[in-house]
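1. Sequence plus the predicted model coming up.
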Amino acid sequence: MSKTYFIRTFGCQMNEHDSERMAGLLEVQGYRPASAVEKADVVILNTCAIRENADNRLYGNLGWLKPAKEDRPDMKIVVGGCLAEKDRDLIVEKAPWVDVVFGTRNIEALPQLLRQVEAQGIPVVEFHETLEMFPSALPARRGSKFHAWIAVQYGCNNSCTFCIVPSVRGVEVSRPIEHILEEVSDVAADGVVEVTLLGQNVNSYGRDIYRTPKFAELLRAMDEVSGLRRVRYTSPHPKDFREPVARAMAETSVVCEHLHLPVQSGSSRVLKSMKRSYNRDRYLAKVSMARDLIPGLAITTDIIVGFPGETEEDFLETLSLVEEVGYDSSYMFQYSPRPGTEAAVMDDQVPKDVVQERFERLTAVQEQISHRKNQDSIGSEVEVLVEGPSKKDPGKVTGRTRTNKLVHFAGPAEPGEFRQVRIKQAAPHHLEA
Ligand code: 5AD
Ligand code: SF4
């Protein structure tokens, strides 16, 4: 009987992407997906380090896996991803029942590391400081038949003072445009209709290999891929988001009318202390530029509440920016100090109860805006890409609009099918058609 694996993925889409490569590598070795974690021969936790609760979740999961490992000593427990990069040897110190700890820049080593632990019987911890091989070059087992994650760039050269990513994922490395196009054409030939281009800072895509950013060219090239219907991308950095990219979004038919532009704060003072390299006005100017060029554009964002030194006035500026932009939705986070980052040692850390209270106020404001925006779309006809049965109501199916809104409607319809539907009802986080 073939051996089985189970992968639990935390964090962002880049980790989803990497997990698909880990699965692909194992399948080439003859492994099959396990029906449950406890039954798997290999359990992989692909971790995230962005906020403290991500750390807690890893150690919680490891604690939970300990009795399973005691029951079945042959089970191999593997920890990869960003928290593995951050904690390294600490993981086997805290949880000696872990077998393999490896990084985000040596994913290709997984099968060999498993053989090594099998042969030696002691934990193996291995990391690479540079990226020698793009995980994109590895076989993938994709979670979806109609959508694919496509990495265009690994690492990040920015130095936002709150962020741990540059220290765990290293410097920016772009993939050559031909390789990306080849991968996109291949998946499109296999029936994929939607791709999401991934990078930590996609607007600087190409700078390291072409000396000049080429993200706009990359978007335009997507229009030529036969069979491809939708292109999304994440995340751009507002400082590098410029007209050529907005024009490319407007002038291509495949690139969706959705811009995720993480603002982090509405206060120029806080933005400066975050080292974001833009201020409130410059950010707002980028939003206007994008809206002027791209009709029907949906805009979403990331916001951190309670960054060190954030005063009530600073926070009110965030609230007013959220109102002014009128985001379709926001991902809101409570600031979490990350060891090794500049912000973690700043004075004036904001007390937890203050952060919580601001977070709730912000959530309430965004909720109203999202609801209002969704209500505005009642009566309109939209194209939906079907994802599958609705989780809430099995009689319905769920899909997404080009602007990335969730729509539930009466089926039947198969995952990967496009449907034209008319919006009948609106809630803050979804639409009914
Ligand atoms: N605390 C809270 N949120 C953070 N993010 C990044 N680092 C932190 C942190 N230390 C948020 C940012 C980023 C998103 C992916 O996670 O908003 O855009
Ligand atoms: Fe988490 Fe950032 Fe790593 Fe993604 S890149 S998994 S968000 S730490």
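-> Structure received. Ligands and ions are numbered 1, 2, ... in the order given.

2. Neighbours of the closest residue to residue 338 other than its chain neighbours, how many?
-> Computed as CB to CB, 6 or more residues apart in numbering, the closest residue to residue 338 that is not its neighbour in sequence is residue 164, at 4.1 Å. All C-beta atoms are positioned from the backbone trio N, CA, C, and that covers glycine. Residue 164 has 24 neighbours, counted by other CB atoms under 10 Å.

3. so how far is residue 408 from the residue nearest to residue 29 when sequence neighbours are not counted?
-> Closest residue to residue 29 apart from its sequence neighbours, by CB to CB, 6+ apart: residue 111 at 5.2 Å. Applying CB to CB, to the nearest Å, the value for residue 111 to residue 408 is 41 Å.

4. Comparing the two, which shows the higher neighbour count?
-> residue 408 (23 against 14).

5. so what's that one bridging to?
-> Going by DSSP bridges, residue 408 is paired in beta bridges with residue 398, residue 432.

6. Tell me the pLDDT of it.
-> You'll see residue 408 listed with a pLDDT of 97.

7. which residues touch it?
-> Residue 408 sits next to 390, 392-393, 396-398, 430-433 when contact means CB atoms under 8 Å, 6 or more residues apart in numbering.

8. go again using 6 Å as the cut-off
-> Residue 408 makes contact with 390, 396, 398, 432, according to CB atoms under 6 Å, 6 or more residues apart in numbering.

9. wait, the third one sits on residue 392?
-> No - with contact defined as CB atoms under 6 Å, residue 398 does not count as touching residue 392 (8.6 Å).

10. Show residues contacting whatever helix or strand residue 218 lives in.
-> Element membership for residue 218, per DSSP states H and E: helix 215-222. With CB under 6 Å, 6+ apart as the test, helix 215-222 has contacts from 177, 181, 202-203, 205, 231, 244-245, 248, 252, 254-255.

11. from these, which is closest to residue 53?
-> Using CB to CB, residue 202 is the member of the contacts of helix 215-222 that lies nearest residue 53, at 26.2 Å.

12. Could you report the neighbour count for the closest one?
-> 24.

13. ok, it - contacts?
-> Residues near residue 202 by CB under 6 Å, 6+ apart: 215, 233, 236.

14. Could you rerun that using 7 Å?
-> Taking CB atoms under 7 Å, 6 or more residues apart in numbering as the criterion, residue 202 is in contact with 152-153, 215, 233, 235-236.

15. Counting only helices, which of these make the cut?
-> residue 215 (DSSP state H).

16. and this structure, which residues reach ligand 2?
-> 11-12, 14-15, 48-50, 81-82, 165, 169 (CB under 6 Å from any ligand atom).
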